[in-house]
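Colleague: missing the sequence, but the structure's below:
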């Protein structure tokens, strides 16, 4: 069958899910950690992970063909740059991301048809509760989700390059999760003071990370509901991958709360994926549908963000591309007089 045959394209797409699950198996079994510890043959790996030797060898044969490892069953396997970041002790570790995508999100995507029929998240169809309720009810799952979100943070360092924080004194990370973005900003600007604002059950993981990354004197951790109020008077507010979880009404409500807390001179930095109008960037489109499966959320076009910001008393000042088809949107408050002139 020629590679360009339509049937080959269908098969390639369908079996892509098998590759994802093979990578998940490597992460869930901590295979990169075991290889790094010297258990590098198929026999040694099977003993280390308490699994069938033949099954391990077949899994490793596929993962080697996928570029996660090099070597062979008898001579031993070696890590590649891809499997290196699946180690639990790597600073850039994507291990928990691979696990949550292979477990919870795999189940959520299994409900893609009812999710598309109803417009309700695949997660809710699969688990009987939405993602937020699941994470609040299970502290271990919540911590794993926060670590998984950290794994997608390769663009955080781009934020401090794209925006000049040098004249700022205080930055508030709204729904800041584990504090990875906030610590990146604070580390780059030693004179800045940070505020991590999120729901109370999230704060222990955030404090642990921020204490280690920047020190307890560089930040405050404040619990609360961003739909009701956020700390007021800061120079910069961060909102990273938050609007994607909510429909337009809720997103506008959240932005309005932020606007009420912002001085006219403050800026709101939004980190999100923007859906291209020509539909050329596949990753943003994949993430858009994934948000329906996982949380009932959505990605938006640039005009969609402009509309949300305008309805909340904000205006879009600039857009800067970041890594992984992510963008930094900088929004400014619309002052009352300007708002009257626009109307």
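Modeller: Sure, I can see it. Being a predicted model, the structure only gives us computed values, none of them experimental.

Colleague: Can you check what pLDDT the model gives residue 339?
Modeller: Looking at residue 339, its pLDDT is 48.

Colleague: So which residues of this structure form strands?
Modeller: For the chain, strands defined by DSSP state E occupy the ranges 69-72, 76-79, 170-174, 193-198, 219-223, 236-240, 267-272, 314-321, 327-333.

Colleague: Relative to residue 296, which of these is closest?
Modeller: strand 267-272 (16.1 Å; Cβ to Cβ). Heads up, the C-betas are built off the backbone N, CA and C, glycines and all.

Colleague: Could I get the full set of helices for the stretch 201-343 of the chain?
Modeller: 203-213, 248-261, 282-294, 302-311, 336-342 (DSSP state H, counting those that start in this stretch).

Colleague: Please produce a markdown table containing those helices, extended by distance to residue 65 and mean neighbour count.
Modeller: Supplementary listing: these in a markdown table, determined by distance: least, Cβ to Cβ, whole Å; neighbours: other Cβ atoms under 10 Å:
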| stretch | distance to residue 65 | mean neighbour count |
| --- | --- | --- |
| helix 203-213 | 36 | 18 |
| helix 248-261 | 42 | 18 |
| helix 282-294 | 23 | 18 |
| helix 302-311 | 39 | 18 |
| helix 336-342 | 58 | 10 |
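
Colleague: need these in TSV with distance to residue 230, can you?
Modeller: Converted to TSV, the helices of the stretch 201-343 of the chain look like this (distance: least, Cβ to Cβ, whole Å):
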stretch	distance to residue 230
helix 203-213	15
helix 248-261	5
helix 282-294	23
helix 302-311	16
helix 336-342	20
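
Colleague: Where among those helices is average confidence lowest?
Modeller: Here the lowest mean pLDDT among the helices of the stretch 201-343 of the chain goes to helix 336-342, at a mean of 50.

Colleague: and residue 139, what pLDDT?
Modeller: 83.

Colleague: out of the strands of the chain, which comes closest to residue 299?
Modeller: Using Cβ to Cβ, the nearest of the strands of the chain to residue 299 is strand 267-272, at 7.0 Å.

Colleague: Centre of the chain to the closest one, how far?
Modeller: With Cα atoms, centre = their mean, to the nearest Å as the basis, strand 267-272 stands 15 Å off its chain's centre.

Colleague: which residue is nearest the middle of the protein?
Modeller: residue 149 (3.9 Å; Cα atoms, centre = their mean).

Colleague: and it, how far is that from residue 247?
Modeller: Residue 149 sits 20 Å away from residue 247, going by Cβ to Cβ, to the nearest Å.

Colleague: didn't residue 83 look like it was pressed against residue 32?
Modeller: Yes. The criterion here is Cβ atoms under 8 Å, and residue 83 meets it with residue 32 at 4.5 Å.

Colleague: quick one: common contacting residues for those two?
Modeller: residue 26 (Cβ atoms under 8 Å, 6 or more residues apart in numbering).
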